[in-house]
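[1] Fold the stuff below for me.
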Amino acid sequence: MSNVARDTLPMSVANMTFLVNKLGEDCAPLQFIRELTQNALDGIAQTHAGQGEVVWDVDWHYFDLSEGVYKLSCVDNGAGMTGPEMVKYINELSSSIHEQSSTGNFGVGAKIAAAPRNPAGLVYMSWKNGVGHMVHLWFDPVEKVYGLKRWPQNNSEFWCKVSDDLKPAQIGSHGTQVVLLGLSDSDNTMSPPPGTPMKSRWMLRYLNTRYFKFPEGVTVKAREGWEHPKTNTKHNFLRNVEGQGGWLDKVCSARGVVELTGAKAHWWIVKEEIDMDSGHNAGGGHVAALFQNELYELVSGRTGIARLQGFGVIFGPNRVVIYVEPEADSTQVLSANTARTQLLLNGEALDWAGWAAEFRSKLPDEIEELQDEIGSKSGNHDHKQAIRERLKQIRDLLRFSRFRPAKDGSTIVDPNLSGQSPEGTGNSITGGGRNDSGKKGGMAGDIYALFAEAGTTAANPIDSLSDPKVHWMSVESGTRVPPNLDDRAARFMLQSNELLINGDFRVFTDMVDRWTHTYSHVAGARATVKSVVEEWFEQQLVETVMSAQGLRRTGKWSLSELEKLWSEEALTAAVLPRWHIDQSIKRTLGVKLGSLKGAAVG
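    Numbering: from 1, shown residues only. Next up is the predicted model:
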């Protein structure tokens with residue numbers, strides 16, 4: 001091996017600044033909080049006791065010396081570093097005092113996540129064996145490079161000793177403080193990046209939603225209310241950060257674990273009376289991946305509710321939390337991407353759809369009881385039979401011809417392409433045709449299509465359409481919680497073949513109001529009007545979904561293309577044309593509530 005090493009010129013980086021900036025762009029805006037916290041946790045793990053404290057706070061020494069400039073800092077009482085150690089581990093991009101691995105420390109996190117957002121620099125002050133040292137990582141505006149700044153007090157080195165006068169109260173004989181200077185010496189780095197929620201508690205909120213739990217014996221704290229006077233301890237104080245796991249265990253009415261293929265799904269049902277708006281933690285209605293006690297790919301709000309519904313939590317998703325913990329083994333390598341924003345299983349994205357389907361099939365009794373409890377409040381009218389009878393009359397229009405191989409089949413098909421059969425039997429179904437000039441059309445740019453074999457398989461048409469299961473949801477009944485389906489008509493879930501319809505959508509409610517007013521002379525007409533209006537709009541949506549599914553495997557539509565046909569936007573568009581629906585509602589109400597001829601209507 002030594003001969004090989006001497007004969008190889010090690011690879012180097014020609015433009016380190018470009019690389020740091022580019023990697024930094026891939027990081028989430030608050031990723032630096034995670035990276036510096038993790039460095040602090042690793043430092044504490046190196047101590048003899050393995051116990052300690054991590055504190056996100058104002059650097060009060062800087063605040064006092066600068067007469068009121070707030071600088072964010074991270075303090076820990078971990079093992080600490082000497083000046084030469086900081087030069088090595090902080091100034092080398094892929095270098096770490098901790099063991100590096102694809103599933104552990106990369107040695108690049110804090111540098112790429114924090115340095116580009118703090119061109120004025122990050123000041124590291126670290127104490128080891130009672131002696132303090134300091135380095136200043138910054139972006140040199142003249143040389144246009146990231147690196148350590150030479151200290152004027154010690155021109156021969158890029159580190160210097162630091163007085164104990166600057167030592168934070170949490171540090172005894174060992175520990176580290178990192179101060180983020182931001183854009184300039186006067187920049188307030190306690191202010192969160194634009195768009196960050198919970199501005200007064202943004203560090204607390206991020207840490208709680210990033211970490212599931214912290215190591216035993218480690219306390220993590222974050223400052224809130226720092227702009228209040230320091231004497232106002234009611235509003236300006238350090239709050240303990242516990243992570244999502246501890247909080248969910250305290251506020252849940254039920255919890256459990258479902259074994260999935262290659263993963264475990266941890267689930268909680270949050271008590272109904274719990275305040276979800278405190279901002280300290282992510283409340284119910286979200287899904288995340290769990291890896292090494294950290295949360296990845298957390299989705300909440302509209303996206304979180306949609307994912308939970310895929311897991312079978314149709315009703316009350318705002319009270320349910322699911323964390324899927326993938327399991328690595330000899331055949332599966334589980335790791336995070338460089339920016340720590342996504343988990344990868346054998347280099348591929350996580351199989352959320354597969355896990356959702358498996359969880360649905362093993363739905364815990366407590367979650368199923370929650371579905372029954374809330375779903376029973378919907379008061380749904382069963383329109384299925386009436387809609388099915390009407391659709392029977394146009395079944396052939398909903399079904400785009402598909403074929404099943406048969407020895408004596410009436411049609412010859414290409415196994416890879418299928419579509420409408422030309423008139424007569426015995427004709428081949430292919431993806432191409434001939435234009436009026438007799439030349440093949442639609443394949444001009446695909447030279448490889450010239451080598452595609454013609455179909456030789458006998459087949460008969462089949463019908464595989466199935467009615468979706470329909471749920472009407474509304475805020476009034478407690479079956480819909482905003483922002484789920486806000487101002488959208490419906491959501492279709494292919495995996496479970498379920499159609500969720502928003503009974504609060506203005507197109508539906510306006511139609512109910514219109515016909516209730518028309519039949520104002522009939523006592524109690526609104527309930528009947530509402531049922532009829534829902535029935536006809538439900539049919540429109542069911543037809544849209546079934547017709548879209550009829551295009552599957554015709555050789556012209558991929559699944560990703562078909563999904564656009566039953567997206568929330570597409571289903572909303574499907575109910576916007578209302579003339580024909582209005583006429584159908586009029587006829588049905590005439591039968592149920594009586595003709596309007598001669599009626600005195602206002």
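[2] Extract the residue ranges of the stretch 401-550 of the chain that are flagged as low pLDDT.
    Scanning the stretch 401-550 of the chain for pLDDT under 70 picks out 401-465.
[3] contacting residues for residue 127?
    With contact taken as CB atoms under 8 Å, 6 or more residues apart in numbering, residue 127 is in contact with 80, 133, 167, 171, 173, 174, 175, 176. From N, CA and C alone the C-beta is placed, and that goes for glycine too.
[4] Kindly apply the preceding question to residue 44 instead.
    Per CB under 8 Å, 6+ apart, neighbours of residue 44: 50, 51, 52, 53, 54, 76, 77, 78, 79, 215, 218.
[5] Just grab the bridge partners of the fifth one for me.
    If I follow you right, that is residue 54. residue 76, residue 220 (DSSP bridges).
[6] can you count the residues close to it?
    Around residue 54 there are 27 other residues, counting by other CB atoms under 10 Å.
[7] I figured it hits residue 41, correct?
    Yes - using CB atoms under 8 Å, residue 54 is in contact with residue 41, at 6.6 Å.
[8] Now for those two: what residues contact both?
    76, 218.
[9] what number of residues lie near residue 389?
    Residue 389 has 9 neighbours, counted by other CB under 10 Å.
[10] host element of it?
    Here residue 389 sits within helix 384-392, counting by DSSP states H and E.
[11] And that helix, what does it pack against?
    helix 525-550 (3 or more CB pairs under 8 Å, 6 or more residues apart in numbering; DSSP states H and E).
[12] Please identify the buried residues of the helix it packs on?
    Residues 525-526, 528-550 are the ones in helix 525-550 that count as buried (16 or more other CB atoms under 10 Å).
[13] quick one: contacts of whatever helix or strand comes next after that helix?
    Sequence order places helix 559-565 as the next helix or strand after helix 525-550, per DSSP H and E. With contact meaning CB under 8 Å, 6+ apart, helix 559-565 is reached by 494, 544, 548, 549, 551, 552, 570.
[14] again, 6 Å this time
    residue 548 (CB atoms under 6 Å, 6 or more residues apart in numbering).
[15] Quick one: mean pLDDT for that helix?
    Mean pLDDT, computed over helix 559-565, is 91.
[16] Next, count neighbours for residue 45.
    Counted by other CB under 10 Å, the residues lying close to residue 45 total 16.
[17] Setting the sequence-adjacent residues aside, check what's closest to it.
    In space, and not counting its chain neighbours, residue 45 is closest to residue 215: 6.9 Å by CB to CB, 6 or more residues apart in numbering.
[18] Tell me where the stretch 1-150 of the chain has strands.
    In the stretch 1-150 of the chain, the segments counted as strands under DSSP state E, counting those that start in this stretch are 52-58, 72-76, 122-128, 131-140, 145-148.
[19] oh, I was asking about the stretch 201-350 of the chain
    Ranges of strands in the stretch 201-350 of the chain, per DSSP E, counting those that start in this stretch, are 218-224, 237-241, 252-260, 263-270, 286-291, 294-299, 320-326, 334-336, 343-345, 348-349.
[20] what stretches of this structure score poorly on pLDDT?
    Along the chain, segments meeting pLDDT under 70 span 1-6, 9, 12-13, 94-108, 154-156, 277, 378-381, 395-465, 553-555, 598-602.
[21] change it to 50
    For the chain, residues meeting the criterion pLDDT under 50 lie at 1, 96-98, 100-103, 105-107, 403, 411, 413-463, 601-602.
[22] per-domain residue ranges of it.
    According to automatic domain parsing, the chain comprises the domains 16-238, 243-377, 400-462, 467-593.
[23] Which of the ones you listed sits closest to residue 392?
    Across the domains of the chain, residue 392 has its closest neighbour in domain 467-593 (11.2 Å, CB to CB).
[24] Tell me which of the domains of the chain sits nearest to residue 393.
    Among the domains of the chain, domain 467-593 comes nearest to residue 393, with 11.9 Å by CB to CB.
[25] Tell me the span between the first and last residue of the closest one.
    End-to-end span of domain 467-593 (CA to CA, to the nearest Å): 29 Å.
[26] and that domain, how far from the chain's centre?
    27 Å (CA atoms, centre = their mean, to the nearest Å).
[27] Over to stretch 57-64?
    Here the centre of stretch 57-64 is set off from its chain's centre by 36 Å, with CA atoms, centre = their mean.
[28] cool, stretch 226-234 as well?
    With CA atoms, centre = their mean, you get 36 Å for stretch 226-234.
[29] Kindly export that stretch (C-alpha atoms) in PDB.
    Extracted in PDB, the C-alpha atoms of stretch 226-234 (Å, rounded to 0.1, in the frame of the first residue of the first chain):
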ATOM      1  CA  TRP A 226     -33.900  38.000  24.900                       C
ATOM      2  CA  GLU A 227     -35.000  41.500  23.900                       C
ATOM      3  CA  HIS A 228     -36.700  41.900  27.300                       C
ATOM      4  CA  PRO A 229     -34.500  43.300  30.100                       C
ATOM      5  CA  LYS A 230     -32.400  40.500  31.700                       C
ATOM      6  CA  THR A 231     -34.100  41.300  35.000                       C
ATOM      7  CA  ASN A 232     -37.400  40.300  33.500                       C
ATOM      8  CA  THR A 233     -37.000  36.600  34.100                       C
ATOM      9  CA  LYS A 234     -40.700  35.900  33.300                       C
END
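[30] Need the residues that contact it.
    58, 190, 235, 236.
[31] tell me the most buried of the strands of the stretch 1-150 of the chain?
    strand 72-76 (a mean of 26; mean count of other CB atoms under 10 Å).
[32] how about stretch 569-584: buried residues?
    For stretch 569-584, burial by neighbour count (16+ other CB under 10 Å) applies to 570, 571, 572, 574, 575, 578, 581, 584.
[33] Now, the residues you listed that are in helices?
    Using DSSP state H, the members of the buried residues of stretch 569-584 that fall in helices are 570, 571, 572, 574, 581, 584.
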